[in-house]
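Student: Here is my input; please provide its structure:
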Amino acid sequence: MLASVTSATLSGAVGRTVSVEVHVSNGLPGFTIVGLPDAAVREARDRVRAAVLSSGLQWPLRRVTVNLAPSGVRKAGAGLDLPIAVGLLVAAGALSPACTEGLAFCGELGLNGSLRHVPGMIALADATDAPELVVPLDDVAEAALVRGNTVHGVATLADLVRILRGQAAWPPPPEPKRARRSTTEPDLRDVRGQILGRRALEVAAAGRHHLLMIGPPGSGKTMLAERLVGLLPPLTRPESLTVTRIFSAAGAALPETALFERPPFRAPHHQASIVSLVGGGSWSLRPGEVSLATHGVLFLDELGEFPIAALESLRQPLEEGVIRVNRVGGTVTFPASFLLVAAMNPCPCGEGVYEGACTCSVATRARYRRRISNPLLDRFDLVVPVSRPDPEDLLSRVPGESTEAVAARVAAARSRAAARDADALPVMAPEASDLLSTRLREGALSARGLTKISRVAQTLADLAEEDEISFLHVSEALSLRAGTAAVVA
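Tutor: Numbering: from 1, shown residues only. Model prediction:
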């Protein structure tokens, strides 16, 4: 007998519909899975058999063939366990074919018949075209983000069989959980002094400008970067779904509500490999840190210690907002629209900004600076020096301006930018245009640098609630990029 059950498999961060066809025929007992399965799918044979027997059901002592269509698409993960088991029971006559009509199934089976969480459920649920979807109880909230109330959660295979036979009703969905705002988020009021660093942080948040901070150890670079996310506005609904989809596909932890509401903050170690940064893998292509930071912040501390090849791999996603991962198994495009914030020392010993304190040779300093190529450096909108704070500022008990106050200005500036025609040329005062023209003729600015200075100046005008870019705005934008000379010198 032949049975067909609808399911889905994960390809990158996108789901693809799969039709699980199960054929039970006479012959020597055996179990074969075809249709480009990976190791996890091939091992479903043993999990499904143990789950069926543990559920008190009969295992057919006949020849079983499972085809995963379309056969030309690679199938990965254990999410096909449940549809294989259901298709087997239908083909063996334990379930009526009519009971699975209009249903799609996705879930991993335990040896005791329990249904377990499957990574990438939001993408799998979005890919299935059946009117209703059956998933493990732990995945109901995630699948409901895109399927609404057409999702049924089941705890065990035995429970599912009873429901399909009409002996029990679908269990009620779990109560939705409310988001709880953390009260321990880093606040800008903890930062003492650092007027330039705080200003750069505000500008970066208001205009989504990439920021590089250069300074000695202990100057507060990491402290500033960790407080940037608090200045960003909450995610919109489409942005929340995108971020949740990426984290789910990567198998990363989701919030209690299953939906991200705040921008993510990712801070990979400087020994991270290229694959961990941009994504990939040998068989199942998974998103990397640049994708996990989508609509949020990617913080690279000790930028000069990252492998050069890993840093250069960031140039394309910084320009296009996506990352294309090419492997023998296929090509996958991941979102990668992130705000890059980096921090580095002026030299390997970190004391290069203090005369007489640096112990590095001229060759060592030059080699360290060459790790940051000019094309990559040119992609930073803001490059600012950060020095150690004044002792009086550190000992002062007067808190700095809070994150809430700065975030309000950032939100107002973003609202002004959103209301402006995106295709309209910026309104710039003549003296501001003359200043940019002079810098271009002197060779102090590249074409990309001119665009970035103009964008930063526009953000400064938005923060000041002014419609025209003035000479002061352009001057400040140039000063917020002046730290570039410390890297290329």
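Student: For the stretch 301-450 of the chain, give me the ranges with low pLDDT.
Tutor: Applying pLDDT under 70 to the stretch 301-450 of the chain flags the ranges 328-329, 352-356.
Student: So which residues of it form helices?
Tutor: All helices of the stretch 301-450 of the chain, identified by DSSP state H, counting those that start in this stretch, fall at 308-312, 315-320, 362-369, 374-377, 391-395, 403-419, 430-441, 447-463.
Student: any idea how far residue 62 is from residue 25?
Tutor: Separation of residue 25 from residue 62 (Cβ to Cβ, to the nearest Å) stands at 6 Å. Using the backbone N, CA and C atoms, a C-beta is placed for each residue, glycine as well.
Student: before we move on, which element is residue 15 in?
Tutor: Taking DSSP states H and E as the definition, residue 15 sits inside strand 14-25.
Student: elements contacting that strand?
Tutor: Applying 3 or more Cβ pairs under 8 Å, 6 or more residues apart in numbering; DSSP states H and E, we find strand 14-25 packed against strand 2-11, strand 63-69, helix 81-91, helix 121-127.
Student: before we move on, back to that, counting neighbours, go ahead and name the busier of residue 25 and residue 62.
Tutor: residue 62 (17 against 12; other Cβ atoms under 10 Å).
Student: Model confidence for the more buried one, exactly?
Tutor: As predicted, residue 62 sits at a pLDDT of 93.
Student: Grab the nearest non-local neighbour of it.
Tutor: residue 24 (5.4 Å; Cβ to Cβ, 6 or more residues apart in numbering).
Student: Ok, residue 74 next?
Tutor: Using Cβ to Cβ, 6+ apart and skipping residues adjacent in sequence, the residue nearest residue 74 is residue 36, 4.7 Å away.
Student: wouldn't the one you found be in contact with residue 68 here?
Tutor: Yes: using Cβ atoms under 8 Å, residue 36 makes contact with residue 68 at a distance of 7.2 Å.
Student: The two: who's more crowded?
Tutor: Legend: neighbour count by other Cβ under 10 Å for residue 36 and residue 68, higher for residue 68 (23 against 16).
Student: And the more buried one, how close does it get to residue 255?
Tutor: Residue 68 is 32 Å from residue 255, where distance means Cβ to Cβ.
Student: what do you get for residue 171?
Tutor: Applying Cβ to Cβ, the value for residue 171 to residue 255 is 23 Å.
Student: can you check residue 191 too?
Tutor: Going from residue 191 to residue 255 by Cβ to Cβ gives 27 Å.
Student: more neighbours, these two?
Tutor: residue 191 (21 against 14).
Student: excluding its backbone neighbours, what's nearest that one?
Tutor: Nearest residue to residue 191, sequence neighbours excluded (Cβ to Cβ, 6+ apart): residue 400, at 5.2 Å.
Student: For the one you found, give me its contacts.
Tutor: Neighbouring residues of residue 400 by Cβ atoms under 8 Å, 6 or more residues apart in numbering: 188, 189, 190, 191, 192, 198.
Student: Let me know whether the second one touches residue 401 as I believe.
Tutor: In other words, residue 189. Yes: with contacts counted by Cβ under 8 Å, residue 189 reaches residue 401, the gap being 6.8 Å.
Student: Output the helices of the stretch 301-450 of the chain as a markdown table; include the columns distance to residue 227.
Tutor: Below are these laid out as a markdown table (distance: least, Cβ to Cβ, whole Å):
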| stretch | distance to residue 227 |
| --- | --- |
| helix 308-312 | 24 |
| helix 315-320 | 22 |
| helix 362-369 | 27 |
| helix 374-377 | 24 |
| helix 391-395 | 16 |
| helix 403-419 | 6 |
| helix 430-441 | 31 |
| helix 447-463 | 17 |
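Student: For residue 85, find the nearest of these.
Tutor: helix 315-320 (40.1 Å; Cβ to Cβ).
Student: Only the buried residues of that closest one, if you could.
Tutor: Neighbour counts over helix 315-320 (16 or more other Cβ atoms under 10 Å) mark 317, 318 as buried.
Student: What is the neighbour count of residue 471?
Tutor: Using other Cβ under 10 Å, residue 471 is surrounded by 16 other residues.
Student: Quick check: closest non-adjacent residue to it.
Tutor: Spatially, and ignoring its direct neighbours in sequence, residue 471 is nearest to residue 431 (4.4 Å; Cβ to Cβ, 6+ apart).
Student: What distance do you get for the one you found to residue 473?
Tutor: Using Cβ to Cβ, residue 431 is found at 11 Å from residue 473.
Student: between these two, which one's more packed in?
Tutor: residue 473 (25 against 12).
Student: Does that one belong to a helix, a strand or coil?
Tutor: Classification of residue 473 using DSSP: H, G, I helix; E, B strand; the rest coil returns helix.
Student: give me every residue that touches residue 43.
Tutor: With contacts defined as Cβ under 8 Å, 6+ apart, residue 43 is in contact with residue 78.
Student: and with 10 Å instead?
Tutor: By Cβ atoms under 10 Å, 6 or more residues apart in numbering, the contact set of residue 43 is 33, 37, 78, 81.
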